[in-house]
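Asks: could you look at this predicted model? Sequence included:
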Amino acid sequence: MARARAKGPTPLQLARLLKGAAVDKKAWDCVVLDVRARTSLADYFVICEGETDRQVRAIADAMVDAAKHEDLRPLGVDGYDDAGWVLLDFDSVLAHVFLPGERSYYDLESLWAPAAKRRRKAS
């Protein structure tokens, strides 16, 4: 009996899809971090920033819309009202959309530095 193929994108495909949606909304400095070896929290982080709170919301909305086309919904959304840092939880992929000051303050790329060195492979 043939084994059923899993539906939907792989975590890496989803991360790339979310990154593409962010780039389409003119997000700055979009990166995909492979964090599989560092945490069980997620497989990939997608990190980007927008210039204003309005753009941060638009980027987050575009990511959610792109995922909906793959029949995926975020498990949780946090920070949307303030829009300084919007977190979209897609289980195996966490998308972080920041305002520039928030991104530099929390500096997730440095926090996950060993993973950040592999980000080009995932992008």
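Replies: Perfect, I can see it now.
Asks: from now on I want contacts and neighbour counts done on CA atoms only, so please keep to that.
Replies: Fine.
Asks: what is the subsequent helix or strand relative to the strand or helix carrying D65?
Replies: D65 belongs to helix 53-68 when assigned by DSSP states H and E. Using DSSP H and E, the next helix or strand after helix 53-68 towards the C-terminus is strand 76-78.
Asks: give me the low-pLDDT residue ranges for the protein?
Replies: Low-confidence segments of the chain, defined by pLDDT under 70: 1-6, 113-123.
Asks: measure L75 to F90 for me?
Replies: For L75, the distance to F90 under the criterion CA to CA, to the nearest Å works out to 6 Å.
Asks: which of those two has more neighbours?
Replies: Neighbours were tallied for L75 and for F90 using other CA atoms under 10 Å; the higher tally belongs to F90 (21 against 9).
Asks: need the contact list for the nearest residue to that one once chain neighbours are set aside.
Replies: Leaving out its chain neighbours, the residue that sits closest to F90 by CA to CA, 6 or more residues apart in numbering is P74, at 4.7 Å. Applying CA atoms under 8 Å, 6 or more residues apart in numbering, one finds that P74 lies in contact with 64, 88-91.
Asks: CA atoms of the helix holding D65 as PDB?
Replies: Provided in PDB are the C-alpha atoms of helix 53-68 (Å, rounded to 0.1, in the frame of the first residue of the first chain):
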ATOM      1  CA  ASP A  53       3.600  50.300  12.600                       C
ATOM      2  CA  ARG A  54       1.200  50.300   9.600                       C
ATOM      3  CA  GLN A  55       3.800  48.600   7.400                       C
ATOM      4  CA  VAL A  56       4.600  46.000  10.100                       C
ATOM      5  CA  ARG A  57       0.800  45.100  10.200                       C
ATOM      6  CA  ALA A  58       0.700  45.000   6.400                       C
ATOM      7  CA  ILE A  59       3.700  42.600   6.300                       C
ATOM      8  CA  ALA A  60       2.100  40.400   9.000                       C
ATOM      9  CA  ASP A  61      -1.200  40.400   7.100                       C
ATOM     10  CA  ALA A  62       0.600  39.400   3.900                       C
ATOM     11  CA  MET A  63       2.300  36.500   5.600                       C
ATOM     12  CA  VAL A  64      -1.000  35.300   7.000                       C
ATOM     13  CA  ASP A  65      -2.700  35.600   3.600                       C
ATOM     14  CA  ALA A  66       0.100  33.700   1.900                       C
ATOM     15  CA  ALA A  67      -0.200  30.900   4.400                       C
ATOM     16  CA  LYS A  68      -4.000  30.800   4.000                       C
END
